[in-house]
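1. Next comes the sequence, and after it the predicted model I'd like to discuss.
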Amino acid sequence: METFRLPSEIPEEEWPDPSVFIEEAKACVQEAQEKGIVIRIMGGMAIYLHSQEHEELWKRLGRLGKKVFTDIDYVSYGKYRAKLLKFFETRGFTINQRMLYLYGKARHIYYGSRIPMVEVFYDKLEMNHTILYAGRLEADSPTLPLAELLLQKIQMVHMNEKDVKDTIVLLRAHEVGDDDDDRINRKAVGERLLSDWGFYYTATSNLKKVRESLTGYDALDEQDVSVVDKRLGELLKYLEEGPKSVRWKLRAKLGTKVKWYNVIDDWDVISKESSETEKE
């Protein structure tokens, strides 16, 4: 078996060009589809692929560089778990057996020579908050739908600057609407947040944080700030005025006196180290 190296252990001179990651990710989704397997790209790479007409903004924000992609993150349905083991093996990857034993039902991690690391989530993303993907992967390709890409960013209790920048690009490149046709589907966002006060609190706090940050970036011109601010306002208004579930209202009474998010476990520490917070 080849020696496993975390991305942080690989010298920069050996690091693959970002185009190699993108080529592999798109080819993987295409080949899986041909084999009847549904798998989608998630995280920062997915936002980049979905916003390439704003690549110049991505560059101005300092989000493109030699190590902009540290791994490839995918999501699929659990029913494809066994097929994907064989699928990634034929693409030259080796699964991390220890992680398979510990967390194999929820997540698989693979490593290879051309792409250092690949991670696959099944059915849901369980981080500070949980995002369910049932019935949603078919709404877009080769990436997750835009609503889920946004939720992935704003579910983090401690949102870092990279995630703020990715959220800005996502909102600059896509309008807020009521479907998944190259729009951020506010209904899909609301369906998750209006039934879960904790997720709502974290997500809306992060959206407000992004909004407050807009004037602090010299890389954003007047139009960038105006467009993103308008779209953030539309989304926040929809969420604030949307009907809340009984469970949401009961939990809201406790507020932040009771912990409202999941504590990330050791797996996430490993993942964070390997992907430089790419659990975007």
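-> In hand now; what should we look at?

2. Now do the buried residues in the helix or strand containing residue 57.
-> If you go by DSSP states H and E, residue 57 is part of helix 55-60. In terms of neighbour count (16 or more other CB atoms under 10 Å), helix 55-60 has its buried residues at 57-58, 60. For every residue, glycine as well, the C-beta is placed using N, CA and C.

3. Show which residues not belonging to that helix make contact with it.
-> Contact with helix 55-60 is made by 48, 51, 64, 169, 172, 219-220, 224, as judged by CB atoms under 8 Å, 6 or more residues apart in numbering.

4. could I have that helix exported to PDB, CA atoms only?
-> Output of helix 55-60 as PDB, limited to C-alpha atoms (Å, rounded to 0.1, in the frame of the first residue of the first chain):
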ATOM      1  CA  GLU A  55     -13.300  34.100 -12.300                       C
ATOM      2  CA  GLU A  56     -11.800  37.600 -12.300                       C
ATOM      3  CA  LEU A  57     -13.600  38.400  -9.000                       C
ATOM      4  CA  TRP A  58     -12.400  35.000  -7.600                       C
ATOM      5  CA  LYS A  59      -8.800  36.100  -8.500                       C
ATOM      6  CA  ARG A  60      -9.200  39.600  -7.000                       C
END
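
5. Please name the strands paired to the helix or strand that that helix is followed by in the sheet, noting orientation.
-> Sequence order places strand 72-76 as the next helix or strand after helix 55-60, per DSSP H and E. Its sheet considered, strand 72-76 pairs with strand 39-41 (antiparallel), strand 117-122 (parallel) by DSSP bridges.

6. which stretch among those strands comes nearest residue 95?
-> Closest to residue 95 of the strands paired with strand 72-76 is strand 117-122 (CB to CB; 9.5 Å).
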